[in-house]
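quick one: sequence plus predicted model below, questions after.
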Amino acid sequence: MQNYFEFLADRYPDIWHATQEHLLISGISVALGCLVAIPVGIYISGNCPKWVRSILFSVANIFQTIPSLALLALLIPLLGIGLRPAVFALFLYSLLPILRNTYTGFQSIDIALLEAARGMGYSKWQQLWRIRLPLALPFIMSGIRVTTVYIISWATLATLIGAGGLGELIFSGLGVNRQELVLTGAIMAILLALLADFLLGAIERAFSKSTHRKAA
Amino acid sequence: MIKLENVDKKYDNGQYALKNINLHFKEGNLNVLIGPSGCGKTTTMKLINRLIQPSSGKIFIDGKDISTINPVTLRRSIGYVIQNIGLFPHMNIAANVAVVPRLLKWDKGRYEQRVDELLNLVGLDPDSYRNRYPSELSGGQQQRIGVIRALAAEPDIILMDEPFSALDPISREQLQDELVRLQQSLKKTIVFVTHDMDEAIKIADHIVLMKDGAVVQQGKPETILRHPANDFVKSFVGEKRLADSEAPTVPLVDDVMASRPVTAYPTRGLAEALKMMENNRVDSLLVVDKSKKLIGAVTIFDVLKHYRDETKTLLDVVKPFSLTVPSGAPLTEALHLMTEHQTPYVAITSSEQDFIGMVTRGSVVKHLAEVFPMEGE
């Protein structure tokens, strides 16, 4: 144990750097996922043709099912190595849960409310911003939360294509057979995931509290 | 004033939801659209705020063709209450009520004052309700908010789509009463959709009865109850309600008239007359000749006064009797005469002045007993 703390004190800058990198990779991936999946989710919950919806869901599903190592390997010829392919891969993984939750959130809105909003003279955009989005927000938030947690854990693989992050600690630990490196990388990834889950959970609760949904 | 002219609504499959609708909703009237489900009543209402576009025909509000008005602008000028209450769960009560004023960009002070005013109007204390959320209110309270939300921006027209149908019977009655009370002072032009005839009769100034996308009959509730246009209206209104509506109407004297009144020919002797009175337990007789002309009346006092003179007949002692009511007159006329002249009966005469019967205190009592039978009979 004594040794482990010495190790921590010794390697503190490296660990901190890896953690920051890890957060950056995960954060950018989830943010991009939100930017794409939420608008698409809103679009397919509207008057879009049924076949468009099924195609979009199938595509997101397929991304989800490609084994992560394989996906990273496949991206090398396309995007090279480094941060970009890693973020792109994780972004693809984040799409489905956010898309599905956004869609579900918008579908769950009582038709009567939309009718009321329309009948009282909300314009299309006002309906979206003031009624539909706030009502679907708890669903969207829980989608983002789930996605963030597992993207943080999968981001450990990003090091395989040279993107760095906590995975670097784990893989170099494996390479030189140093348990404390592996352990530190893993623990930090777990802590990050728990912290993100806690923070997003708090935000989610704040939203659902203000919406006072009767059924939920 | 709202006017629908030759409005058709055709579905994509070629079926008609509405066929040639012509309606005129007068200003300040509470108009009820009623009919079985699928009759087009809600569709008709939604034409007015352009939630539904007609396939052909025109709709005018105060003489202006609404197809020339921007739908969003139009809807903000028309109050709208929906069936499932439709309060926004993520907004508190004040925000829900102030929806349209805020869409119209009223000042904060102005709409806040308006919210308090409206909450007071339906008996909800602003200080304790303003900041609550819809889920914290009972169904009846929620729909009160739904109604005042429609009133918030002071529209002249309010559309109400089965607003009370989801409520329990007691809240429903209360809200109907409140609506009637509010309408007395507000005098809005209301178009109210319902499938409940009791509700329609209770609140409506004007009822439009629809079936299969067409108007079957329209008029005052009273008119529809008394003169249903056809069998559909009769069955929709309900036989019982029709019977109820007839019961309180004033019967004709002919309905109440004693069928075999005690009358005597003028040629009868006085002893005979006395005997008739005794047998029928009456103290007076109407004297009617063989051609059924009413000659007059004799009382027992007239008879006794001349009783000793055996030569006298009724013709000699009869006194003119002017308390006659023509056949076909309402009973009230007869009752009025009887009260005014303190007389126990009046004579009923035909249009040729022939005597046809009498309304007596006894026959009135008998009629009342028939119309209002004892419970359980």
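Received, thanks. Computed from a predicted model, the values in this text were never measured in an experiment.

give me the distance between the longest helix anywhere in chain B and the centre of its chain.
Assignment by DSSP state H gives helix B:169-186 as the longest helix of chain B. On the basis of Cα atoms, centre = their mean, to the nearest Å, the separation between the geometric centre of helix B:169-186 and that of its chain is 16 Å.

in it, what's buried?
Residues of helix B:169-186 classed as buried: B:171, B:172, B:174, B:175, B:176, B:178, B:179, B:182, B:183 (neighbour count, 16 or more other Cβ atoms under 10 Å in any protein chain shown). Glycine gets a C-beta too; all of them are placed from N, C-alpha and C.

for stretch A:195-202, same thing?
For stretch A:195-202, by 16+ other Cβ under 10 Å, it's A:196, A:200.

pull the CA atoms of stretch B:22-34 into CSV?
Extracted C-alpha coordinates of stretch B:22-34, given in CSV (Å, rounded to 0.1, in the frame of the first residue of the first chain):
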residue,chain,number,x,y,z
ASN,B,22,-74.5,26.4,-42.9
LEU,B,23,-74.4,27.8,-39.4
HIS,B,24,-74.7,31.2,-37.7
PHE,B,25,-73.5,31.6,-34.2
LYS,B,26,-74.9,34.8,-32.7
GLU,B,27,-72.8,37.2,-30.7
GLY,B,28,-73.1,36.6,-26.9
ASN,B,29,-74.8,33.3,-27.4
LEU,B,30,-73.8,30.0,-25.8
ASN,B,31,-74.1,27.7,-28.8
VAL,B,32,-74.0,23.9,-28.2
LEU,B,33,-73.0,21.5,-31.0
ILE,B,34,-74.3,18.1,-30.0
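
would you mark the buried spots in that stretch?
Buried, per 16+ other Cβ under 10 Å, within stretch B:22-34: B:23, B:25, B:29, B:30, B:31, B:32, B:33, B:34.

okay, and the beta partners of the last one?
I take that to be residue B:34. residue B:194, residue B:209 (DSSP bridges).

and if you look at the second one?
Residues found in beta-bridge contact with residue B:25 (criterion: DSSP bridges) are residue B:2.

helix or strand right after the longest helix along chain A?
Longest helix of chain A, by residue count under DSSP H: helix A:2-45. Per DSSP states H and E, the first helix or strand lying C-terminal to helix A:2-45 is helix A:50-65.

could you tell me the angle between that next one and helix A:2-45?
170 degrees (axes from the mean of the first three to the mean of the last three Cα atoms, to 10 degrees).

that older thread, so for the longest helix of chain B, mean pLDDT?
Mean pLDDT, helix B:169-186: 89.

that one packs against which elements?
Counting by 3 or more Cβ pairs under 8 Å, 6 or more residues apart in numbering or on different chains; DSSP states H and E, the packing neighbours recorded for helix B:169-186 are strand B:30-34, helix B:139-151, helix B:197-203.

ok and that helix relative to strand B:30-34, angle-wise?
Using the same axes, to 10 degrees: helix B:169-186 against strand B:30-34 is 140 degrees.

please convert the helices and strands packed on helix B:169-186 to TSV, extending it with mean pLDDT.
Listed next are those as TSV, based on pLDDT from 0 to 100:
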stretch	mean pLDDT
strand B:30-34	95
helix B:139-151	92
helix B:197-203	90
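
residues touching stretch B:160-180, excluding its own?
Contacts with stretch B:160-180, where a contact means Cβ atoms under 8 Å, 6 or more residues apart in numbering or on different chains, come from B:30, B:42, B:45-46, B:80-85, B:122, B:138-140, B:143-144, B:146-147, B:150, B:190-196, B:199, B:202-203.

pull out the buried residues from those.
B:30, B:42, B:45-46, B:80-85, B:122, B:140, B:143-144, B:146-147, B:150, B:190-195, B:199, B:203.

any stretches of the stretch 201-350 of chain B with poor pLDDT?
B:239-240, B:242-249, B:259 (pLDDT under 70).

which parts of it are strands?
Using DSSP state E, counting those that start in this stretch, the strands found in the stretch 201-350 of chain B span residues B:206-211, B:214-219, B:263-264, B:284-288, B:294-299, B:324-326, B:345-349.
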